[in-house]
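**Q** here is my input, please return the structure:
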Amino acid sequence: MSTLEIRNLHATVEAEGDPRAILRGVDLTVRGGETHAVMGPNGSGKSTLAYVIAGHPKYTVTEGSISLDGQDVLEMSVDERARAGLFLAMQYPVEVPGVSVSNFLRTSATAMRGEAPKLRLWVKEMKEAMAALQIDPGFAERSVNEGFSGGEKKRHEILQLELLKPKIAVLDETDSGLDVDALKVVAEGVNRFRADGTTGTLLITHYTRILRYIHPDFVHVFVDGRIVESGGPELANKLEEEGYEKFAKSGVDA
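**A** The predicted structure is shown next:
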């Protein structure tokens, strides 16, 4: 089983010509078989953490480390991180005009598996995964995310997750913009991915509602660019009752 280790991670973003600190010393370990929920108020830096793990060029790591199974993630390019087994489901998936969903998925699977999946078996595998996520089969020939609704984009992200089978999945506010029915379908897809007990999941969210369907092993409160408290699933219930204000104050005092 794989392990993602984040140690004393600091990162900045350019803002009006000057670097602005976003991450201020993040420490987190996600092991295979574990699901970690990172929760915090808007603007706390949760999504920045996801993008830094994935290698978004907008952010600069100024201190600390990220490793996957002992390998230095920060030395890897974006595609190398993906091939190593890191996956990011984005809060706002982008459109890729001119590239069909089927070609995108098979090309991605080829890169992950080291060889092209046999076409007949791949078509069967993809159709089954799409059916489980209630995705119209016709979407296979549409351009990636082009003209998709918010819910359809999120289902497509989870379709990638199920077919590519990464070692560690980072899900950035996957519940954003989903109605209850779509949320259940997406959560079921994530739970199928987790079912083998060997993969790790880092679930970034603002609300507790997705945790009714995806049950985390650990919950972390993220405020002002760092984790200010960690606990079990009961911590999410505490947040539901008390909100983030108490933790925001402790983050300022830290």
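**Q** how about the helices in the stretch 151-254 of the chain?
**A** Secondary structure of the stretch 151-254 of the chain, counting by DSSP state H, counting those that start in this stretch: helices at 180-194, 234-242, 245-253.
**Q** out of those, deepest packed?
**A** Neighbour counts (mean count of other Cβ atoms under 10 Å) averaged over each of the helices of the stretch 151-254 of the chain peak at helix 180-194, with a mean of 18. Placement of C-beta: from N, CA and C, glycine included.
**Q** what's that one packed up against?
**A** On a contact count with 3 or more Cβ pairs under 8 Å, 6 or more residues apart in numbering; DSSP states H and E, helix 180-194 meets helix 119-132, helix 150-164, strand 168-172, strand 200-205.
**Q** kindly recompute the last result at 10 Å.
**A** Counting by 3 or more Cβ pairs under 10 Å, 6 or more residues apart in numbering; DSSP states H and E, the packing neighbours recorded for helix 180-194 are strand 35-39, strand 86-89, helix 119-132, helix 150-164, strand 168-172, strand 200-205.
**Q** turn the helices of the stretch 151-254 of the chain into CSV, including mean pLDDT and distance to Gly150.
**A** Output for those, formatted as CSV (pLDDT from 0 to 100; distance: least, Cβ to Cβ, whole Å):
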stretch, mean pLDDT, distance to Gly150
helix 180-194, 94, 9
helix 234-242, 89, 24
helix 245-253, 63, 28
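**Q** who wins for proximity to Thr48 among the ones you listed?
**A** Closest to Thr48 of these is helix 245-253 (Cβ to Cβ; 15.1 Å).
**Q** out of the helices of the stretch 151-254 of the chain, the one nearest Ser108 is which?
**A** helix 180-194 (15.2 Å).
**Q** now the end-to-end length of stretch 209-222.
**A** 17 Å (Cα to Cα, to the nearest Å).
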